[in-house]
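> structure for the following, please:
(one chain, ligands or ions: 1)
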Amino acid sequence: MEEPARPVRHSQTTITELMVPSYANFGGKIHGGILLSLMDKVAYACATKHAGTYCVTVSVDNVEFLQPVEVGELVSLHGSVNYVGRSSLVVGIRVEALNVKTNLVKHTNSSFFTMVAKGDDEKPAMVPRLILETREDVKRFIESLHVKKIKSEKKEQMNDARSHIDVGRAGEILRDERCIIQLK
Ligand SMILES: CC(C)(COP(=O)(O)OP(=O)(O)OC[C@H]1O[C@@H](n2cnc3c(N)ncnc32)[C@H](O)[C@@H]1OP(=O)(O)O)[C@@H](O)C(=O)NCCC(=O)NCCS
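Okay, the predicted model is just below:
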């Protein structure tokens, strides 16, 4: 039997974490991998709250670090289920860093994680339908639907592009690129 539908707000989650020195890279800024790991955690929290089952990460879109995050800043990751399919969920994540001294908040990035709910048999499991209570909820759901379609078309084009590479024409194709062909 299908689980009852759940509103977006049921699974909205925020994780806040202090950026400690051990998270920094050689340049003194926070490692991108630390932020990615936190994003994965918030995506999991949202997905599993909505689905009521264990979930796995399938794909990640739009990872662009727009501004560096500094040691000592408080990073908050706001996650929200934007879309549900049969067993998949798209979680939108907004990352913000608060400088506690100046009280300034900067938006460092927004990303979209596709998660899949799994049943006890480890197979993809049906997730509850999503109740859209605000215009923003509706907008995000439609946006995700469009992106899903574009991604599937792009995937086909990329597979096509990969299977049609003519190494014999490399000299011509790569004329303006910054590489040197020295085939042995
Ligand atoms: C994701 C996974 C369950 C898909 O399994 P599958 O047998 O291909 O299942 P299906 O074809 O039925 O797809 C299940 C859902 O995943 C979605 N999906 C599959 N591959 C996808 C991709 N690359 N991007 C986005 N969604 C994808 C499908 O659209 C489908 O969604 P829907 O049920 O809402 O229609 C499987 O590939 C898996 O377990 N991957 C490992 C995930 C993992 O361990 N992640 C942790 C990182 S190590």
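> which residue is the nearest non-sequential neighbour of residue 29?
residue 68 (4.2 Å; Cβ to Cβ, 6 or more residues apart in numbering). From N, CA and C alone the C-beta is placed, and that goes for glycine too.
> how close does the one you found get to residue 78?
The gap separating residue 68 from residue 78 is 20 Å, by Cβ to Cβ, to the nearest Å.
> you'd agree residue 44 is up against residue 53?
No: Residue 44 is beyond contact range of residue 53, at 11.5 Å (criterion: Cβ atoms under 8 Å).
> go through this protein and flag its longest strand.
Ranked by residue count, the top strand of the chain under DSSP state E comes out as strand 104-118.
> average pLDDT for it?
On average, the pLDDT along strand 104-118 is 96.
> what about that strand, distance to the chain center?
Relative to the centre of its chain, strand 104-118 is centred 5 Å away, using Cα atoms, centre = their mean, to the nearest Å.
> is it positioned near the ligand?
Yes: contact of strand 104-118 with the ligand (Cβ under 6 Å from any ligand atom) involves 114, 116.
> helices or strands next to that strand in the packing?
With contacts defined as 3 or more Cβ pairs under 8 Å, 6 or more residues apart in numbering; DSSP states H and E, strand 104-118 has these neighbours: helix 32-51, strand 54-61, strand 88-99.
> where does residue 122 land in three-state SS?
Classification of residue 122 using DSSP: H, G, I helix; E, B strand; the rest coil returns coil.
> that one and residue 131: what is the separation?
28 Å.
> out of these two, which sits in the busier spot?
Legend: neighbour count by other Cβ atoms under 10 Å for residue 122 and residue 131, higher for residue 131 (13 against 9).
> contacting residues around the nearest residue to residue 86 once chain neighbours are set aside?
Leaving aside its sequence neighbours, residue 86 sits nearest to residue 126 (Cβ to Cβ, 6+ apart; 5.9 Å). By Cβ atoms under 8 Å, 6 or more residues apart in numbering, residue 126 lies in contact with 2, 3, 86, 87, 117.
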